[in-house]
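[1] Here is my input; please provide its structure:
(2 chains)
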Amino acid sequence: MTDLTSLTLAEARKGLADKTFTSLELTDAHLSAIEAARVLNAFVMETPDRARDMAKAVDEKIAKGDAGPLAGIPLGIKDLFATKGVRTTACSKILGNFVPTYESTITSQLWRDGAVMLGKLNNDEFAMGSANETSCFGPVANPWRRDGSNTTLVPGGSSGGSASAVAALLCMGATATDTGGSIRQPAAFTATVGIKPTYGRCSRWGIVAFASSLDQAGPIARSTRDAAMLLRSMAGHDPKDTTSVDIAVPDYEAAIGKSVKGLRIGIPKEYRLDGMPAEIEKLWSEGAAWLKAAGAELVEVSLPHTKYALPAYYIVAPAEASSNLARYDGVRYGLREQGKSITELYENTRARGFGAEVRRRVMIGTYVLSAGYYDAYYLRAQKVRTLIKKDFEDCFAKGVNAILTPATPSAAFGIGEKGGADPVEMYLNDIFTVTVNMAGLPGIAVPAGKDAQGLPLGLQLIGRPFDEETLFSLSEVIEQAAGRFTPARWW
Amino acid sequence: MSVDAATVRRIAHLARIAVSEDEVPHLQGELNAMLAFVEQLSEVNVEGVEPMTSVTPMQMKKRQDVVNDGEIADDIVANAPATEGHFFLVPKVVE
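    Modelled structure (predicted):
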């Protein structure tokens, strides 16, 4: 039954509806695949008993003809989502053995629609990283390797476990979160489809907070259609998140296969970087040609403040993180390191519980918010953010429907290869994705080709606020033209 | 702008993160690399630009002023490292 894992979510939905197989069989096939793929380190907690119980319950519902849109579909959940009764750590030692007594809104909606939880997925600690190397559970391996090489590569981050598990056929889809590129960059590194919806589209309630004005959850899946199906269940208004928007959730799947004829696609000249690898350049032109062949109109656009997005991000995100992470104090939950005074208890707990990258970002955030530096750093960065958003608004006002860019400046790299001496080297991974978070826009990464070494590369489409549907239509055109990419199994 | 060793120690204390003396030079280097990277923002003309306060323009939502949650003290303290009854335990704060 292992071939059940190679179905897309849409195919599995049909098989379940036709009673070709049960959710329990589908779930068991994935549980076996997970067990055989532990070397990837994609899961930090497997929940086989719970998965089988959920599958059996949903099989009964399917038999009664009372099945939700994701009935019987086994999913992986990023360890940033609170799952009631199941350890949730954000892959940080500071959360220790935290077992939530509540369920995140997004996961509760997935279970409401019949999905089955296989377990919790690895990520960068508090989602801070671009290679899944900062997790307290260790790095995740990318199921992709360079042609003829045994070198283990990173799956990207922070949703590295999600991307790796979906690419390696360990789950049919996964939840992920994106603060600066954490859905789209790992999707590009693993030939999966990942969408970061518009800020406010999905509830953030019950997701461990990193940078609240940038964080947004979305799915990683093996096809555009699968991503559309998952987003429909994940999205929606939630009174428990004041930034969640009260707009009806469209049937995103209906956008798949919709004509893109006459759509105006912007090609931003500022994304053409000096020293950009020729194969990225080629992939980008190819993607543009596919959209043109499907009837879209290509226009060159300018987003003049693009180069300032990453530096502004590295002020705004750490500032918000330093505030959000103040709650980890060793008193109410998680790790506690003793101290003679309460201050010493805080300091020891946080020194021991946070990893190096998190400590660094909390400290930078503390600095840019501290007396005397707030105006020079934080306030200026928020003004620059207004300008970045305005660049996009000007572009959309000229009739542009979506913007096409590369998803990442390179393919996946080796574990330990980047950021050792200078953290900024790692940060540059998010150069094409971070603008989208700064402007709160939706962005999708779709596999579009391979580099000379056989590694997948992705393209990014950026949309107007709350116009995820156009992104799905365009992404489908690229997917149909580029085909799907599956890694050769070595684990 | 760059930070010196004393500033690194001050930030660490503000952030309530214990930092040992031998970590200071390394942290100082990393923080200065980040500050050097963000320095380029000073070349942007932000004259008259409003700082972003809400990425998606929307009305502030308001809730009914009613009690709709509570009576879950067991849940609240369930994950605490040290408790007594429904209280969190900490080292003595007031002598």
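[2] For the chain, which helix extends over the most residues?
    By default, I'm working from chain A. Taking DSSP state H as the criterion, chain A has its longest helix at helix A:380-397.
[3] actually it's chain B I care about, not the one you picked
    helix B:24-38.
[4] Closest to the centroid, which residue in the chain?
    Assuming you mean chain A. In chain A, the residue lying closest to the centroid (CA atoms, centre = their mean) is residue A:183, at 2.0 Å.
[5] That was the other one, I meant chain B.
    Chain B, centroid-nearest residue using CA atoms, centre = their mean: residue B:15 at 6.9 Å.
[6] hang on, isn't that one packed against residue A:364?
    No - counting by CB atoms under 8 Å, residue B:15 stays clear of residue A:364, with 9.5 Å between them. Yep, even glycine has a C-beta here, placed from its N, CA and C like the rest.
[7] what residues are shared contacts of the two?
    Listed as contacting both residue B:15 and residue A:364 by CB atoms under 8 Å, 6 or more residues apart in numbering or on different chains are residue A:322.
[8] picking that back up, which residues sit against the longest helix of chain B?
    Taking CB under 8 Å, 6+ apart as the rule, helix B:24-38 contacts A:310-312, A:314-315, A:360, A:363-364, A:367, A:377, A:381, A:422-424, A:427, B:1-5, B:8-9, B:11-12, B:19.
[9] Then stretch A:50-64?
    Residues from elsewhere that reach stretch A:50-64 (CB under 8 Å, 6+ apart): A:16-17, A:19, A:22-24, A:26-28, A:30-31, A:67-68, A:71-72, A:74, A:86, A:111, A:114, A:116-119.
[10] Tally up the residues packed near residue 58, please.
    Since no chain was named, I'll use chain A. 27 (other CB atoms under 10 Å in any protein chain shown).
[11] wrong one, I was asking about chain B
    For residue B:58, using other CB under 10 Å, the count is 13.
[12] after the least confident helix or strand in chain A by mean pLDDT, next one along is what?
    Ranked by mean pLDDT, DSSP states H and E, the weakest helix or strand in chain A is helix A:423-427, scoring a mean of 84. As assigned by DSSP states H and E, the chain's next helix or strand after helix A:423-427 is helix A:434-439.
[13] and that next one, anywhere near chain B?
    Yes - residues of helix A:434-439 are located near chain B by CB under 8 Å from any CB of the partner chain, namely A:438, A:439.
[14] Quick check on residue A:119: phi, psi?
    phi 160, psi -170 (degrees, to the nearest 10).
[15] Show me what it is bridged to.
    residue A:46, residue A:76 (DSSP bridges).
[16] Spit out the contact partners of it.
    A:34, A:43, A:44, A:45, A:46, A:47, A:48, A:51, A:76, A:77.
[17] can you check residue B:41 too?
    A:308, A:311, A:312, A:315, A:380, A:381, A:384.
[18] what do you get if the cut-off is 6 Å, keeping everything else the same?
    Residues counted as contacts of residue B:41 (CB atoms under 6 Å, 6 or more residues apart in numbering or on different chains) are A:308, A:311, A:380, A:384.
[19] what do you get for residue A:237?
    A:244, A:246.
[20] Roughly how far does it sit from residue A:131?
    Here the criterion is CB to CB, to the nearest Å. By it, residue A:237 lies 34 Å from residue A:131.
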